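Engineer: I'll drop the sequence and a predicted model, then ask my questions.
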Amino acid sequence: MRNGEFAFERVTPGAYTLVAGVASLVGVENIIVGKNHVDDLLMRVQPTAEVTGKVTFSGERQAFPTQIEIYNLDGAGIGVAAPVAKDGTFVLKGLPAGSYRVSLSMIPAGQYLKSSGVNFSVSGTSASTGVTVSSPTPGSTVAAPVAVKASATMSGTVTTMQVYVDGNKLYQGSGSTVNTTLSNVGSGTHQLVVQSWNSSGQYLKSAAVSFSVGTSTVSPTPTPSGSTVYSNIDQMTGWQDCGACAGIGGNGPVIPYSITQNQSSPSMDGKSAMFWLGTGTAYSQALWWKQLGANPGVSHFIYDTYFYYTDANAPQALEFDVNQSLNGYKYIFGTQCAIRGSHTWEIWDNVNVKWSSTGVACPAPPTYRWNHLTWELERVNGQLHFISLTLNGVKSYINRYYAPRASSAKELNVAFQIDGNYAATSYKVWLDKVTLTAW
């Protein structure tokens with residue numbers, strides 16, 4: 001497409017090499033296709049090189065092979081062929097940086113080679129060093145969330161920094177430095193690599209850093225006596241919903257969706273609520289909310305819930321909200337795990353009407369298990385304050401402030417929204433023990 005996006009459908013599981021090129025630029029990525037979709041693959045093209053040479057033969061006749069071939073030795077799957085001229089010269093074009101072996105094919109009868117194969121390297125833009133990781137240090141044991149600090153030095157302007165853990169991209173930011181925390185790295189041993197890109201499409205990778213994450217526990221935030229606790233909201237009657245209104249500008253596609261309460265399985269207390277999004281149109285959404293009655297005297301909130309789902313590829317995002325309206329303003333504490341977008345937790349910017357990444361990683365949460373999510377929020381000095389989130393015992397501090405928007409409503413509610421992917425895959429999410437504590 002003109003915007004650089006691409007999609008391959010019905011790809012048989014296996015190992016593949018993707019090659020993208022424009023003019024003298026080439027990008028190469030090795031991928032493995034399994035039972036799950038491969039999404040948000042970023043390919044960068046970089047300058048290529050030419051290799052010239054001459055073939056010398058000995059034999060009764062001076063006839064030359066018609067073709068010379070070159071293959072990449074780094075597992076990139078690059079193969080290039082070129083004709084050999086009558087004087088034995090050849091030119092191989094479009095080679096990205098890497099190690100290669102060149103050999104001949106279609107050798108005439110009665111000829112033999114002085115040299116049957118030559119290994120050589122093409123220098124270029126890829127390197128295994130040049131990015132320095134200062135945290136975590138090799139062989140260290142750290143607590144969750146994992147603090148990552150790195151910097152890059154390379155020619156041109158460094159535009160993008162990416163952090164990979166065990167081959168999965170968990171963070172992407174702009175500039176030449178990384179100073180972030182990764183909340184979704186579980187206990188155990190891991191491999192971390194930081195990659196930088198410059199404005200010319202060149203990249204550098206750090207050496208792999210092996211580190212371990214120890215187990216950690218998070219103490220619950222104390223709440224004042226006299227706090228209002230709305231318990232088991234998922235079991236309450238009177239949930240409201242909409243499909244089209246959940247889309248951009250309140251005008252999304254119309255698709256089937258439903259809520260079914262008091263589900264015994266899966267459930268933590270025997271009465272979970274199942275939220276279902278049907279198939280139909282790509283990137284569809286459905287929104288549900290439960291009004292709790294206006295309570296203008298409260299300004300601090302702890303939104304605590306458990307969620308369960310079975311298909312990590314189906315959701316585009318999972319959204320968890322608290323909304324309060326009073327005194328002519330609406331405070332939308334919108335939060336979402338952008339599974340197939342930024343792969344981070346995002347929060348809602350009321351004034352600019354857009355999602356803003358927190359930088360806290362949120363790849364697909366574990367499936368077939370209950371995930372425990374807690375958001376700490378407050379309304380302070382006429383602003384929304386996103387304090388922190390805790391997912392499965394790993395706490396990340398957000399500390400972001402946003403302005404509210406005008407509204408004449410008087411309300412307090414919690415909301416849940418599920419967003420469909422590009423393939424409009426139908427899926428279900430169960431919520432249990434949904435609780436809002438307010439004071």
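Structural biologist: Everything's here; your move. All of these numbers come straight from a predicted model, not from anything done at the bench.
Engineer: quick one: contacts for Trp370?
Structural biologist: Listed by C-beta atoms under 8 Å, 6 or more residues apart in numbering, the contact set of Trp370 reads Pro266, Met268, Tyr306, Phe307, Tyr308, Asp432. Heads up, the C-betas are built off the backbone N, CA and C, glycines and all.
Engineer: please repeat the previous calculation with a cut-off of 6 Å.
Structural biologist: By C-beta atoms under 6 Å, 6 or more residues apart in numbering, the residues touching Trp370 are Tyr306, Tyr308.
Engineer: what's the pLDDT at it?
Structural biologist: pLDDT, the model's per-residue confidence, is 94 for Trp370.
Engineer: same deal with Thr215?
Structural biologist: For Thr215, the predicted pLDDT is 53.
Engineer: what of Val218?
Structural biologist: So Val218 comes in at 59 (pLDDT).
Engineer: distance of Leu391 from Ser299?
Structural biologist: 24 Å (C-beta to C-beta, to the nearest Å).
Engineer: who has more neighbours, these two?
Structural biologist: Leu391 (21 against 16; other C-beta atoms under 10 Å).
Engineer: bridging residues for the closest residue in space to that one that isn't next to it in sequence?
Structural biologist: Nearest residue to Leu391 in three dimensions, chain neighbours excluded: Leu373, at 5.5 Å (C-beta to C-beta, 6 or more residues apart in numbering). Beta-bridge partners for Leu373, by DSSP bridges, are Thr305, Leu391.
Engineer: distance check, Leu373 against Thr335.
Structural biologist: Relative to Thr335, and taking C-beta to C-beta, Leu373 is found at 9 Å.
Engineer: one more: Ala143?
Structural biologist: 24 Å.
Engineer: okay, those two: which has more neighbours?
Structural biologist: Thr335 (23 against 12).
Engineer: look up how far Lys271 lies from the more buried one.
Structural biologist: 24 Å.
Engineer: just Ile387 next, same as before
Structural biologist: From Ile387 to Lys271 the distance is 30 Å (C-beta to C-beta).
Engineer: what of Asn232?
Structural biologist: Distance from Asn232 to Lys271, by C-beta to C-beta: 7 Å.
Engineer: all helices of this protein, in order?
Structural biologist: Assigned by DSSP state H, the chain shows no helices.
Engineer: can I see the domain layout of it?
Structural biologist: 50-122, 129-213, 228-438 (automatic domain parsing).
Engineer: quick one: closest of those domains to Glu9.
Structural biologist: domain 228-438 (9.0 Å; C-beta to C-beta).
Engineer: span of the closest one from start to end?
Structural biologist: 5 Å (C-alpha to C-alpha, to the nearest Å).
Engineer: who's in contact with the closest residue to Val178 other than its chain neighbours?
Structural biologist: Excluding its sequence neighbours, the residue lying closest to Val178 (C-beta to C-beta, 6+ apart) is Ala150, at 4.3 Å. Ala150 sits next to Val133, Val178, Val194 when contact means C-beta under 6 Å, 6+ apart.
Engineer: tell me what Ala150 is bridged to.
Structural biologist: Here Ala150, judged by DSSP bridges, has bridge partners Val133, Val178.
Engineer: residue contacts, Ser196?
Structural biologist: Val131, Ala152, Val158, Met161, Leu204.
Engineer: what is the burial count for the first one?
Structural biologist: Using other C-beta under 10 Å as the criterion, Val131 is surrounded by 25 other residues.
Engineer: which residues in the stretch 201-350 of the chain form strands?
Structural biologist: Assigned by DSSP state E, counting those that start in this stretch, the strands in the stretch 201-350 of the chain fall at 203-205, 209-213, 228-230, 240-242, 257-263, 272-277, 285-291, 300-309, 315-326, 329-337, 344-349.
Engineer: TSV for the domains of the chain, including distance to Phe8?
Structural biologist: Below are the domains of the chain laid out as TSV (distance: least, C-beta to C-beta, whole Å):
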stretch	distance to Phe8
domain 50-122	16
domain 129-213	19
domain 228-438	13
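Engineer: out of those domains, which is closest to Arg10?
Structural biologist: Closest to Arg10 of the domains of the chain, according to C-beta to C-beta: domain 228-438, at 11.6 Å.
Engineer: distance between the closest one and the chain's centre?
Structural biologist: With C-alpha atoms, centre = their mean, to the nearest Å as the basis, domain 228-438 stands 19 Å off its chain's centre.
Engineer: for Glu378, name its beta-bridge partners.
Structural biologist: Bridge pairing for Glu378 - DSSP bridges - gives His300, His385.
Engineer: hmm, I was thinking of Phe333
Structural biologist: Val322.
Engineer: which residues are in contact with it?
Structural biologist: Phe333 neighbours (C-beta under 6 Å, 6+ apart): Val322, Leu377, Leu384.
Engineer: quick one: mean pLDDT over stretch 257-271.
Structural biologist: Mean predicted confidence for stretch 257-271 is 96.
Engineer: what does that stretch rub up against?
Structural biologist: So stretch 257-271 is contacted by 235, 239, 243, 272-278, 286, 288, 306, 308, 430, 432-433 (C-beta under 6 Å, 6+ apart).
Engineer: appreciated, that's everything.
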